[in-house]
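Asker: 3D model of this:
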Amino acid sequence: MFSIVVLISGGGSNLRALLEAAADADFPARIVAVGSDTDAPGLEHAEAFGVPTFTVVPTAFADRATWGDELLTHVQSWSPDLVVCAGFMRILPPRFVAALSPNLINTHPALLPAFPGAHAVRDALAAGVSETGVTVHIIDEGVDTGPVLLQRAVPVLSADTEHDLHERIKIVERSLLVEAVADIATAHITTEQQETVS
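Answerer: Here you go, the predicted model:
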């Protein structure tokens, strides 16, 4: 069975969607472990589904590279076919990325290459666009620059606040991530030979 390690930093709504999908015997992947960089409340979702968890806190290490190496050791101990960053809020060190990419994916709340970075929803509103959306992409050594796997648009409404728009994006994000994982597990899409976003 195609195996996944999921990395989170917060409440774990994307993780929950994956756990619920993977609980179906027909889903083509299973989550073997969930890791975090903090005592994230989302780890409770993993525990509720009987999935092992681990936490590697950056402040316990001398530098980011050493932390990344320890995180990598934990991830690789599960020999996953795919690593999914689902609300993981740290930029991963180059050695970590090099060891796992292209089998290392992330979601982003915009239609990349538009609005990369930490404030994608705010930036989309500020730009006055009529639609934004969600991207599932491969993590490379840049920030939101990796090859795009799947995208889905979300309309921007005239009365939208940042919160309103982000909440609608999150709903789409959860379903798109589940779809992307299933498509990768069944080889409907491949993480190999994808073009990098320019």
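Asker: The nearest residue to V178 once chain neighbours are set aside: neighbour count?
Answerer: Using C-beta to C-beta, 6 or more residues apart in numbering and skipping the chain neighbours, the partner closest in space to V178 is A21 (4.5 Å). Every C-beta, even on glycine, is put in place using the N, C-alpha and C of the backbone. Close neighbours of A21, defined as other C-beta atoms under 10 Å, add up to 20.
Asker: Relative to V75, how far out is A21?
Answerer: Computed as C-beta to C-beta, to the nearest Å, the A21 to V75 distance reads 21 Å.
Asker: now swap in W67 and tell me
Answerer: Shown here: W67 relative to V75, a distance of 13 Å by C-beta to C-beta.
Asker: tell me the contacts of F61?
Answerer: Taking C-beta atoms under 8 Å, 6 or more residues apart in numbering, we find F61 in contact with W67, E70.
Asker: Same question for P80.
Answerer: When contacts are taken as C-beta under 8 Å, 6+ apart, P80 is in contact with S3, I4, V5, V32, A33, N103.
Asker: any chance you could map the helices in this protein?
Answerer: Ranges of helices within the chain are 13-22, 43-48, 64-76, 94-100, 120-127, 162-185, based on DSSP state H.
Asker: so what does the first one touch, helix or strand wise?
Answerer: Translated: helix 13-22. strand 2-8, strand 29-36, helix 43-48, helix 162-185 (3 or more C-beta pairs under 8 Å, 6 or more residues apart in numbering; DSSP states H and E).
Asker: picking up where we left off before, please identify the most buried of the helices of the chain.
Answerer: helix 13-22 (a mean of 21; mean count of other C-beta atoms under 10 Å).
Asker: quick one: contacts of it?
Answerer: 4, 6, 8, 27, 29-31, 34, 42, 45-46, 48-49, 51, 84, 86-87, 107, 170, 173-175, 177-178, 181-182.
Asker: Using PDB, write down the CA coordinates of it.
Answerer: The C-alpha coordinates for helix 13-22 follow below in PDB (Å, rounded to 0.1, in the frame of the first residue of the first chain):
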ATOM      1  CA  SER A  13      -7.900  20.300   9.100                       C
ATOM      2  CA  ASN A  14      -6.100  19.100   6.000                       C
ATOM      3  CA  LEU A  15      -4.700  16.100   8.000                       C
ATOM      4  CA  ARG A  16      -8.200  15.300   9.200                       C
ATOM      5  CA  ALA A  17      -9.500  15.200   5.600                       C
ATOM      6  CA  LEU A  18      -6.700  12.800   4.700                       C
ATOM      7  CA  LEU A  19      -7.200  10.600   7.700                       C
ATOM      8  CA  GLU A  20     -10.900  10.400   7.000                       C
ATOM      9  CA  ALA A  21     -10.300   9.600   3.300                       C
ATOM     10  CA  ALA A  22      -7.600   7.000   4.200                       C
END
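Asker: now the angle from it to helix 162-185?
Answerer: 40 degrees (axes from the mean of the first three to the mean of the last three C-alpha atoms, to 10 degrees).
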